[in-house]
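Trainee: I would like the atomic coordinates for the input below:
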Amino acid sequence: MLTIRRGEDRGHADHGWLDTRHTFSFADYYDPRHMGFRALRVINEDRVKPGHGFGTHGHRDMEILSYVLEGALEHKDSMGTGSIIRPGELQRMSAGTGVRHSEQNASRDDIVHFLQIWLLPQKNGITPGYEQRAFPPIEKEGKLRLVASPDGADGSVTIHSEAKMLASILAAGQRVEHAVQPGRHAWVQIVRGKAKVGGIDLTAGDGASTEDAGLLVLEGVDRAEVLVFDLA
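Mentor: Numbering: from 1, shown residues only. All right, here's what the predicted structure looks like:
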């Protein structure tokens, strides 16, 4: 059975420089019915105006992923990392024992549109770390591409969480399947476009979860980009 989380029901805040939508409780948005799903704690959809961003702040004991959809995101942290994350790239920052970082729109002209995703780690107190990899659209078109996993399989980003993240780009009528194994759970997030999940029409911003083992079928309605989280 699928449980649907409609995009329009997410938490929303418009700070002028930042337009953000929260799938789960975050910051000033609190809903005890939506505190996360298994190890998946945060899915924020952020749009940041040119010349703005998140100033230096700290995190501990969290796996933080940034998935850029449009524009460019500039990252700096207390580990000495400095990078630009662009569409098709995935950044992983393991906060572990503590890290401070900033995220800024790298453009003076265009917004940056990205997903910020937090996963609970398998254990606390690990050494902070950083990784960034590109996954070109051709690797995701008409298939589910593993982009994050505990063991870095198939060139995916390594996360210190009992979770896998897969990405797909589906043209109208294209189908992919993901087998949810016994004891596992799945969350599907529609990033762009429209898709059917288990025969249910979903659009950008919508999510769907299942705690049942079985075959999860995703089908493009129009060109859609979809993330699947396979969780313990």
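
Trainee: for residue 24, give its distance to residue 112.
Mentor: 22 Å (C-beta to C-beta, to the nearest Å). (Glycine included, C-beta is placed from N, CA and C.)

Trainee: just residue 185 next, same as before
Mentor: 31 Å.

Trainee: neighbour count winner among those two?
Mentor: Higher neighbour count among residue 185 and residue 112: residue 112, with 27 against 20, using other C-beta atoms under 10 Å.

Trainee: I'd say the more buried one and residue 70 touch.
Mentor: Yes - the criterion here is C-beta atoms under 8 Å, and residue 112 meets it with residue 70 at 6.7 Å.

Trainee: list the contacts of residue 15.
Mentor: Contacts for residue 15 (C-beta atoms under 8 Å, 6 or more residues apart in numbering) come out as none.

Trainee: let's see that with 10 Å instead.
Mentor: The contact partners of residue 15, by C-beta atoms under 10 Å, 6 or more residues apart in numbering, come to 48, 49, 52.

Trainee: check contacts around the last one.
Mentor: To tie it back to what came earlier, the one meant is residue 52. Applying C-beta under 10 Å, 6+ apart, the residues contacting residue 52 are 15, 16, 17, 18, 104, 105, 111, 112.

Trainee: check the second one too.
Mentor: Counting by C-beta under 10 Å, 6+ apart, residue 49 makes contact with 15, 16, 17, 18, 19, 105, 107, 110, 111, 112.

Trainee: what does residue 204 give?
Mentor: Residue 204 is in contact with 7, 45, 69, 189-195, 224-226, counting by C-beta under 10 Å, 6+ apart.

Trainee: switch the cut-off to 8 Å
Mentor: 7, 190, 191, 192, 193, 194.

Trainee: farthest-separated two in those?
Mentor: 7 and 193 (12.4 Å; C-beta to C-beta).

Trainee: what sits in contact with each of these two?
Mentor: 203, 204.

Trainee: and the closest residue in space to residue 175 that isn't next to it in sequence, what element?
Mentor: Excluding its sequence neighbours, the residue lying closest to residue 175 (C-beta to C-beta, 6 or more residues apart in numbering) is residue 219, at 4.6 Å. Element membership for residue 219 (DSSP states H and E) is strand 214-220.

Trainee: could you export that strand as PDB, CA atoms only?
Mentor: Extracted C-alpha coordinates of strand 214-220, given in PDB (Å, rounded to 0.1, in the frame of the first residue of the first chain):
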ATOM      1  CA  GLY A 214       7.100  -6.100  -3.500                       C
ATOM      2  CA  LEU A 215       7.600  -4.500  -6.900                       C
ATOM      3  CA  LEU A 216       7.400  -0.700  -7.000                       C
ATOM      4  CA  VAL A 217       6.500   0.400 -10.600                       C
ATOM      5  CA  LEU A 218       7.200   4.000 -11.800                       C
ATOM      6  CA  GLU A 219       6.000   5.300 -15.200                       C
ATOM      7  CA  GLY A 220       6.600   8.700 -16.800                       C
END
